[in-house]
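[1] Have a look at this prediction, sequence included:
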Amino acid sequence: MQTVMESLKEMVDVNTILGEPVETPDGAVILPVSRVSFGFVAGGIDQQPSPGEQGKPGKDVQGAVENRPFGGGSGAGISVNPVAFLVVRPNEVRLMPVDSNAIYDRLLDLAPKILDQLQGVMNRRQYTEKPAWAYEIGRNNH
């Protein structure tokens, strides 16, 4: 069991979940994000010696009980699935999911940016339009 646990420890580290950063020509840094799942199982059995084997001297191997056959095994599995890319730019950080069904996450991610753009449009419109009191009746107001 100790060997399997040591092997798992070597396989799973922080670079498995957050991959190696990639820098693009425009200065953005892209980090792949993965979901890591692993399982571990171990088991064993001590059997009673057969009637003909009772009373014979046995070997004591690594703490095993004399004259008892032992069977055991262990195993492990690991799964690494990409889930998103973290895009870091000087003025923004975005999480771009790999799953195309994540439209709600993308909308929530873009909502602050859209609101800022709408506010900018409203502010520009406010300064370019004349207020109602600025118009005089009967004059050319172009």
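    Nice, I can see it.
[2] which residues sit against the lengthiest strand in the chain?
    For the chain, the strand reaching the highest residue count under DSSP state E is reported as strand 70-89. The list of residues contacting strand 70-89 from outside it, by C-beta atoms under 8 Å, 6 or more residues apart in numbering, reads 1, 4, 7-8, 11-12, 16, 18, 26-47, 64, 93-99. Bear in mind the C-beta positions are built from the backbone N, C-alpha and C, glycine included.
[3] ok, now with 7 Å
    Outside of strand 70-89, the residues that reach it under the criterion C-beta atoms under 7 Å, 6 or more residues apart in numbering are 1, 4, 8, 11-12, 16, 27-46, 64, 94-98.
[4] Put the alpha carbons of that strand into PDB.
    Presented in PDB, the C-alpha positions along strand 70-89 are these (Å, rounded to 0.1, in the frame of the first residue of the first chain):
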ATOM      1  CA  PHE A  70      -2.400 -14.800   2.400                       C
ATOM      2  CA  GLY A  71      -3.800 -13.100  -0.700                       C
ATOM      3  CA  GLY A  72      -3.900  -9.400  -1.400                       C
ATOM      4  CA  GLY A  73      -3.800  -6.700  -3.900                       C
ATOM      5  CA  SER A  74      -4.100  -3.000  -4.500                       C
ATOM      6  CA  GLY A  75      -4.700  -0.700  -7.300                       C
ATOM      7  CA  ALA A  76      -5.300   3.000  -8.200                       C
ATOM      8  CA  GLY A  77      -6.600   5.000 -11.100                       C
ATOM      9  CA  ILE A  78      -6.500   8.600 -12.100                       C
ATOM     10  CA  SER A  79      -8.500  10.700 -14.500                       C
ATOM     11  CA  VAL A  80      -7.500  14.200 -15.700                       C
ATOM     12  CA  ASN A  81     -10.200  16.200 -17.700                       C
ATOM     13  CA  PRO A  82      -9.800  19.800 -18.900                       C
ATOM     14  CA  VAL A  83     -12.600  22.000 -17.600                       C
ATOM     15  CA  ALA A  84     -11.500  25.600 -18.400                       C
ATOM     16  CA  PHE A  85      -8.800  28.100 -19.400                       C
ATOM     17  CA  LEU A  86      -7.900  31.000 -17.100                       C
ATOM     18  CA  VAL A  87      -6.900  34.000 -19.400                       C
ATOM     19  CA  VAL A  88      -5.000  36.700 -17.500                       C
ATOM     20  CA  ARG A  89      -4.500  40.100 -19.200                       C
END
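[5] Please consider this matter closed, and thank you.
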